[in-house]
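*Asks:* The sequence and its predicted three-dimensional model are supplied below.
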Amino acid sequence: MSEVVIEAFNEIKLLQTGKKLLVKTGDPLIDDHIGGLLPGDAVVISGLSGHGKSEWLFRKREDILNIKVNPNADKFVWLNYNLEVKILNVVLRGLNRKLKKKKRDILFQEFTQEEKNMANDYFEMMQDDRQFIEQDQTTSEDFYNRTKAFLEEHKDKDAVHISFDHAALNADKDTQKGIEEIVKGINRLKLEFDNAYFWIVSQLNRGLLGRVAEKNNLSAPNAGDLYASSTMDFVSAYNIVVFNANKVGISQFMKVSKNRYDYLSDHFGDEDSKQRVSFNTLGKLFFKVLKTRESDVIWKDLYIIDMDLSDEERGKLSEIKREREAPKAKEKVAKPYFTPKKLKEEVVTFVSPNDAFTEGEGSKIITRPFSEPMPEDKSKPF
């Protein structure tokens, strides 16, 4: 026991003197809590399909490997198990962001000279020899063995990042069991290697969509919404959910105390009589921090970022928002073509299949059982 305690105190002293640095992400939703990532930290990022979890991880990788964020980033390496998004999609999204140009135009229009220069810069960045990628389907056993070998090879690095995108795409016969085994493997590896950091992308259960409502806190994701929630929560130092509330039809998200979330005042929307506010959702992504293993600001559990939208995209979303919020016109009820008196005279009531019904013919009443066919109507309209 004394040996590991001494080791822990020595590590704190190295951090205090600047001889060792926390890994910064450049993102307040992680860095706000204690300043960055501790060795062995695992970050779980989950979301519904198409809500931006893989894109978020890609941007974190760019930031973390940037020497402006981490001065020692040249001593970092990153192994990405990229099982969902093809590299073509990654490049297309990156060019879309860098060039501020529509994806369709990137695909079908030649670049200007200025765009070529920017695209070449992006190409050089993507050629970064600190980054490694695995795109083959992998079992939990393969993941553990490959990752351990990679960590062994890079023991001399300040930080070795391992990302798995995403967990439910493991090649085990039992997907749920595969996730559990991957998590167990990560737990063993982070205890063995003191320069390892892990990133796991996961899915949300679609049951969250059944709680979608305006200005309702039940619409916010919670730990139970995560696929394999207990397993993911077990391994994570940060358990984060990304949620595009506008995409699921919410214009005003949640209803909270202004003082509680004063750091998000730029995103405040409608306010009620009790000074509780909702958040505008147009062009925004919400990040719910479900767990932080270490934090000095535990009340900071919600973060909001503005999406990179063009003026055209923002205009279209505004139009959709106006249509969604517009009061619906009351449907006009058509007047009957006949008077109530006439209706009363012509309506026939059926009681049961065995009953007869009556039909009026002038002053004469005719009774027929159901088994007898109705007489053919010989009258013609013209």
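*Replies:* Looks like it came in fine.
*Asks:* Secondary structure class of Met118, three-state.
*Replies:* Using DSSP: H, G, I helix; E, B strand; the rest coil as the criterion, the local structure at Met118 reads helix.
*Asks:* quick one: contacts for it?
*Replies:* Contacts for Met118 (C-beta atoms under 8 Å, 6 or more residues apart in numbering) come out as 98-99. Where C-beta positions appear, they are placed from N, C-alpha and C, glycine not excepted.
*Asks:* helix/strand/coil for Ala149?
*Replies:* Here Ala149 is recorded as helix under three-state DSSP.
*Asks:* Can you give me the pLDDT of it?
*Replies:* Looking at Ala149, its pLDDT reads 97.
*Asks:* Measure how buried it is and give me the count.
*Replies:* By other C-beta atoms under 10 Å, 10 other residues sit near Ala149.
*Asks:* can you offset everything so residue one is 24?
*Replies:* Renumbered: residue one is now 24, and that last one reads Ala172.
*Asks:* what about it, distance to Leu241?
*Replies:* Here Ala172 is placed at a distance of 45 Å from Leu241 (C-beta to C-beta, to the nearest Å).
*Asks:* quick one, phi psi at the residue nearest the centre of the chain?
*Replies:* When C-alpha atoms, centre = their mean is applied to the chain, the residue found nearest the centroid is Gly70 (2.7 Å). Note on Gly70: its backbone torsions stand at phi -180, psi 170 [degrees, to the nearest 10].
*Asks:* Likewise for Phe221?
*Replies:* phi -120, psi 140.
*Asks:* what do you get for the one 4 residues further on?
*Replies:* Its backbone dihedrals place Ser225 at phi -140, psi 180, with angles given as degrees, to the nearest 10.
*Asks:* Name the nearest residue to it, ignoring sequence neighbours.
*Replies:* Closest residue to Ser225 apart from its sequence neighbours, by C-beta to C-beta, 6 or more residues apart in numbering: Ser69 at 4.4 Å.
*Asks:* Report all helices and strands that the strand or helix carrying the one you found contacts.
*Replies:* Element membership of Ser69 [criterion: DSSP states H and E] is strand 65-70. Contact partners of strand 65-70 among helices and strands, from 3 or more C-beta pairs under 8 Å, 6 or more residues apart in numbering; DSSP states H and E: helix 76-87, strand 219-226, helix 252-258, strand 261-266.
*Asks:* any idea of the mean pLDDT in the shortest one?
*Replies:* Spelled out, that is strand 261-266. Strand 261-266 shows a mean pLDDT of 96.
*Asks:* can you check the third one too?
*Replies:* Per-residue pLDDT over helix 252-258 has a mean of 79.
*Asks:* Identify all contacting residues around that helix.
*Replies:* Contacts of helix 252-258 (C-beta under 8 Å, 6+ apart): 65, 67, 69, 190, 202-203, 206, 209-210, 221, 223, 225, 246, 249, 262, 313-314.
*Asks:* Quick check on those: which are buried?
*Replies:* Using 16 or more other C-beta atoms under 10 Å as the burial test, the contacts of helix 252-258 include 65, 67, 69, 190, 202-203, 206, 209, 221, 223, 225, 249, 262, 313 as buried.
*Asks:* Pull the distance from the helix or strand containing Leu130 to the chain's centre.
*Replies:* Here Leu130, judged by DSSP H and E, is contained in helix 126-131. Remark: helix 126-131 is offset 25 Å from the chain centroid, using C-alpha atoms, centre = their mean, to the nearest Å.
*Asks:* which residues in the stretch 74-223 of the chain form helices?
*Replies:* 76-87, 110-122, 126-131, 136-149, 163-176, 198-215 (DSSP state H, counting those that start in this stretch).
*Asks:* For Arg299, which of the ones you listed is the nearest?
*Replies:* Among those, the nearest to Arg299 by C-beta to C-beta is helix 76-87 (28.6 Å).
*Asks:* Quick one: mean pLDDT over that closest one.
*Replies:* Per-residue scores along helix 76-87 average to 93.
*Asks:* Figure out how far that helix is from the centre of its chain.
*Replies:* Its chain's average C-alpha position is 14 Å from that of helix 76-87, according to C-alpha atoms, centre = their mean.
*Asks:* Can you give the contact residues for that helix?
*Replies:* With C-beta under 8 Å, 6+ apart as the criterion, helix 76-87 contacts 46-50, 68-70, 92-93, 96, 99, 101, 103, 107-108, 113, 116-117, 148, 154, 184, 186, 188-189, 222, 224, 265.
*Asks:* Among these, name the buried ones.
*Replies:* Neighbour counting by 16+ other C-beta under 10 Å classes 46-50, 68-70, 92-93, 96, 99, 101, 103, 107-108, 113, 116-117, 154, 184, 186, 188-189, 222, 224, 265 among the contacts of helix 76-87 as buried.
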